[in-house]
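Participant: Fold the following, please.
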Amino acid sequence: MARLLVVDDDPDARRLIGLVLRRAGHEILYAEDGFHALEVMSREHPDLIILDLMMPGMDGFEVLEAMRQRKDLVALPVIVLTAKTQIAPAAGQKLLNVHAYLTKPVSAETLVQTVQETLKAARPLLTPGGRALEIACGESWPGSAGEFLASALAVALAAHAPTFLIDVEGLGRGAMIFDMEPRLTTEDLEVERDPVQGLIPIQERLQVWSVYGRPSVASIQRVAERLAPQAEFLVWMVGDPATPVAASIFPRCQRIFITFESHGPGMRRARGVLRQLEELGLRSPQVQPIWVRRWAVPEPWTETEIQNRLGGVPIRVWPVDPVTAHRALQEGRSIQEIEPESPTAYRIREWAREILELAKERRLP
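Facilitator: The predicted structure follows:
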């Protein structure tokens, strides 16, 4: 089942289209004009738009142009359903990026089939039996840049293959990093709403899954099983690595990055987290502690001293400029997109290459 928005100024047309698609198992939303349609898209996050072109006030062409200017709407799939004489001019405007054109009147069979094909095309799927390579990013101390690392890795991997960033902290931080709002709540998950409906398109091959509320282990396991076959990479943003939800995710992952800072409480917490992971049978190289080395902040210890204080576990260093991190939040972009040639971005590309190599090794016979 998908959420579909039918936009048409003719109430009879709206009612008929809605009836056909409800019988096909979909949830239907309605808008009678372009202005209302944009409001519903922003508020309800439909999976697909069925759009009439000729409407008073704001017509379909203007709706499409407005959608392409908005980050939260640009990737929404659209089916244009309108009079035959309008199809040629519409199809000629490539900037509108419409997925399919149907002429009125359209048969119920054709409408349902086109909707199904468009939904399928909008959701990248691996070949049958495929599963994503999974990576987890947690932070051993609140605010130690775990969410920045997760989003940066996801953007870097999406440059190569379909990637999902999955935020299971429950506070919507994964979506908010990209200046978006989550599409699902924990209540939606408990009533077994399809987790795929929580995906938010960010770029051509990057989608974010985020949720309001604290999800249960059972809910997250269902999310994992539903989403793992649908992208090449899953990047889990788990936040606190000591929670039951995080513990249920870590065994799935080929790499577990844990960010920490070198102040006293952060170091003590990092040691505790590493001990907990070892009790689960998770250790280097699967587990990789990341020292977030903030620029312009005096450090009392060297890298070797910090590694020794963590019990000799190999660590990696991620130099993060606080100003760049703040800009990333303000602009709704990943941290390495702000300063692509910075040491911060260089490290992200290095780790992304390693993950790509892991993916190649998995595919070898």
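Participant: pLDDT value on residue 97, please?
Facilitator: At residue 97, the predicted lDDT confidence score is 59.
Participant: Actually, residue 202.
Facilitator: Residue 202 is given a pLDDT of 86.
Participant: One more: the one 4 residues further on?
Facilitator: The predicted local distance difference test score for residue 206 is 91.
Participant: So it versus residue 12, what's the distance?
Facilitator: According to CB to CB, to the nearest Å, residue 206 stands 40 Å off from residue 12. In short, each C-beta sits where N, CA and C put it, glycine included.
Participant: Does residue 286 touch residue 258 like I think?
Facilitator: No: the pair residue 286 / residue 258 is not scored as a contact, 11.2 Å apart, by CB atoms under 8 Å.
Participant: When those two are compared, which one has more neighbours?
Facilitator: Counting neighbours by other CB atoms under 10 Å for residue 286 and for residue 258 shows that residue 258 has the greater number, 26 against 15.
Participant: Among residue 206 and residue 12, which residue is more densely surrounded?
Facilitator: Per other CB under 10 Å, whichever of residue 206 and residue 12 has more neighbours is residue 206, with 25 against 8.
Participant: Contacts only, for that one.
Facilitator: Contacts for residue 206 (CB atoms under 8 Å, 6 or more residues apart in numbering) come out as 154-155, 158, 163-165.
Participant: for residue 3, same thing?
Facilitator: Contacts here follow CB under 8 Å, 6+ apart; on that basis residue 3 touches 26-27, 29, 44-48, 197.
Participant: Which parts of the stretch 151-300 of the chain are helices?
Facilitator: Here the stretch 151-300 of the chain has its helices, by DSSP state H, counting those that start in this stretch, at 173-177, 186-190, 217-227, 244-249, 264-279.
Participant: Which of those helices has the highest mean neighbour count?
Facilitator: For these, the largest average neighbour count (mean count of other CB atoms under 10 Å) is found in helix 173-177, namely a mean of 22.
Participant: residues in contact with stretch 281-301?
Facilitator: Counting by CB under 8 Å, 6+ apart, 140, 144-145, 149, 250-251, 253-262, 270, 274, 277, 303, 306, 309-310, 313-322 sit against stretch 281-301.
Participant: Check which residues of it are buried.
Facilitator: Buried positions in stretch 281-301, judged by neighbour count with 16 or more other CB atoms under 10 Å: 282, 287-294.
Participant: With distance to residue 328 and pLDDT as extra columns, can I get those in CSV?
Facilitator: Below are those laid out as CSV (distance: CB to CB, whole Å; pLDDT from 0 to 100):
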residue, distance to residue 328, pLDDT
282, 29, 93
287, 26, 96
288, 22, 95
289, 22, 96
290, 17, 96
291, 19, 94
292, 14, 93
293, 17, 89
294, 14, 82
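Participant: tell me the domain boundaries of this structure?
Facilitator: Under automatic domain parsing, the residue ranges defining each domain of the chain are 3-122, 133-363.
Participant: Buried deepest among these, which one?
Facilitator: It is domain 133-363: most buried of the domains of the chain by mean count of other CB under 10 Å, with a mean of 19.
Participant: Off-centre distance for it?
Facilitator: Centroid separation for domain 133-363 versus its chain: 12 Å, with CA atoms, centre = their mean, to the nearest Å.
Participant: Stretch 54-63 too?
Facilitator: Offset of stretch 54-63 from its chain centre (CA atoms, centre = their mean): 30 Å.
Participant: then it to PDB, C-alphas only?
Facilitator: Output of stretch 54-63 as PDB, limited to C-alpha atoms (Å, rounded to 0.1, in the frame of the first residue of the first chain):
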ATOM      1  CA  MET A  54      -5.400  22.400 -16.300                       C
ATOM      2  CA  MET A  55      -6.600  23.900 -13.000                       C
ATOM      3  CA  PRO A  56      -7.600  27.500 -12.100                       C
ATOM      4  CA  GLY A  57      -5.300  29.600 -10.000                       C
ATOM      5  CA  MET A  58      -2.100  27.500  -9.800                       C
ATOM      6  CA  ASP A  59      -2.100  25.000 -12.600                       C
ATOM      7  CA  GLY A  60      -0.200  21.700 -12.900                       C
ATOM      8  CA  PHE A  61       2.800  23.200 -14.700                       C
ATOM      9  CA  GLU A  62       3.300  25.700 -11.900                       C
ATOM     10  CA  VAL A  63       2.900  22.900  -9.300                       C
END
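Participant: which residues touch the helix or strand harbouring residue 305?
Facilitator: Taking DSSP states H and E as the criterion, residue 305 maps to helix 303-309. Outside helix 303-309, the residues that touch it by CB under 8 Å, 6+ apart are 262, 267, 271, 291, 301, 313-315, 317.
Participant: Next SSE downstream of that helix?
Facilitator: Next element after helix 303-309 (DSSP H and E): strand 316-320.
Participant: so for that following strand, what's the average pLDDT?
Facilitator: Strand 316-320 comes out with an average pLDDT of 92.
Participant: what packs against it?
Facilitator: Packing contacts for strand 316-320, counted by 3 or more CB pairs under 8 Å, 6 or more residues apart in numbering; DSSP states H and E, involve strand 287-294, helix 343-363.
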